[in-house]
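Asker: Kindly generate the corresponding structure for this input.
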Amino acid sequence: MRWLDHREPIPASLRGAVIALGNFDGFHQGHQAVAGEAIRWARETGRPSIVATFDPHPVRLFKPDVPPFRLTTLEQRQELYLAAGATAMLVFHFNADLAGTSADDFVRVLLAEQLGVAGVVTGEDFTFGKGRAGNRQMLAQLGAQCGIEARAVPPVMDSGEPVSSSRIRAALQAGEPETATRLLTRPFAIRGVVTHGDKRGREIGYPTANLTIENYLRPRFGIYAVTGTVLATGQELKGAANIGVRPTFDPPKELLEPYFFDFSGDLYGQEIEVAFHHFLRPEAKFASLDDLVAQMEQDCDRARELLG
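Answerer: Residues are numbered from 1 along each chain as shown. Next up, the predicted model:
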């Protein structure tokens, strides 16, 4: 799958594409509906399909001190867009120049001249251009003048409310990964490279794979039933994981630490993805290592039961 940069010339073979425009961070049900419409339209007309995303997220430019909130990395998004059937992913690198682009120039210069798109699909609430001055009606009007057809997809509803990234973030922060899974159509998953830690888990009989959380949203800290995938081999694992600051140990250190059942291999230096299925309990500080181990045994038994 092609990975395109909006600052670079687009290959001739991808001009005339139908593009799904949005941030599409979590690629939840609503995002999938927009991308799905673009992909169907492209196939019906014999055109390539492109799914766009913005990176860094525009919020990072305007509110740089906001805590991490990303639901996916660019690599995860690329894989999700490919699985949906898109020909390419386009990354709009959001900086001051792009933020200062007028709505008119966004359509006439960027979409029409630079990218050469033939069709655009957005959600009904899509905004664009400096000060978010452009909306779907303006996109349709400006696009018609440039030979670009525009379509808008209504929100996908769940339990009487639109599916949105904010709902997913709120569910994860409340310790409700099952809700996030339903809205995303897959579990929320953190991907990273396993690093060497202080070997605390190994010392007490529960060796863990240590991952930094980086720019991902922090779900509610605590213990989860998880699955893991070793990306290089595709090996799938089941386990229990702690995400948080490990209050029993000093100094506090923010980590994701999955312990995989019935696994004895070496994961150091491997890239793995940890998917969150069920919240078991909040983090707690234990008076002794014996108390911690006893609780971990219970956590693992419960995780095995929930994961089947």
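
Asker: Give the other helices and strands that the longest helix belonging to the chain contacts.
Answerer: Secondary structure of the chain per DSSP state H: the longest helix is helix 289-307. Applying 3 or more CB pairs under 8 Å, 6 or more residues apart in numbering; DSSP states H and E, we find helix 289-307 packed against strand 222-230, strand 235-244, strand 271-282. All C-beta atoms are positioned from the backbone trio N, CA, C, and that covers glycine.

Asker: out of the ones you listed, nearest to Gly123?
Answerer: Gly123 sits nearest to strand 271-282 of all these, at 26.1 Å, using CB to CB.

Asker: any weak-confidence spans in the stretch 51-200 of the chain?
Answerer: 197-200 (pLDDT under 70).

Asker: Now do the helices in it.
Answerer: For the stretch 51-200 of the chain, applying DSSP state H, counting those that start in this stretch gives helices covering 58-62, 74-84, 96-99, 103-105, 136-146, 165-173, 177-184, 200-203.

Asker: At the geometric centre of this protein, which residue sits there?
Answerer: In the chain, the residue lying closest to the centroid (CA atoms, centre = their mean) is Thr72, at 1.9 Å.

Asker: how near is the closest residue to Gly239 other than its chain neighbours to Leu267?
Answerer: Residue nearest to Gly239 in three dimensions, not counting chain neighbours: Phe260, with 3.9 Å by CB to CB, 6 or more residues apart in numbering. Distance of Phe260 to Leu267, computed by CB to CB, to the nearest Å: 8 Å.

Asker: list the residues that contact both of these two?
Answerer: Shared contacts of Phe260 and Leu267 (CB atoms under 8 Å, 6 or more residues apart in numbering): Ala209.

Asker: Was I right to think Gly123 contacts Arg151?
Answerer: No: using CB atoms under 8 Å, Gly123 makes no contact with Arg151, being 10.5 Å away.

Asker: domains of this protein?
Answerer: Domain segmentation of the chain under automatic domain parsing yields 2-158, 186-307.

Asker: Would you mind giving those as TSV with distance to Ser164 added?
Answerer: Formatted as TSV, the domains of the chain follow (distance: least, CB to CB, whole Å):
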stretch	distance to Ser164
domain 2-158	7
domain 186-307	14
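
Asker: For Ala171, which of the ones you listed is the nearest?
Answerer: Taking CB to CB, domain 186-307 is the member of these nearest to Ala171, at 8.9 Å.
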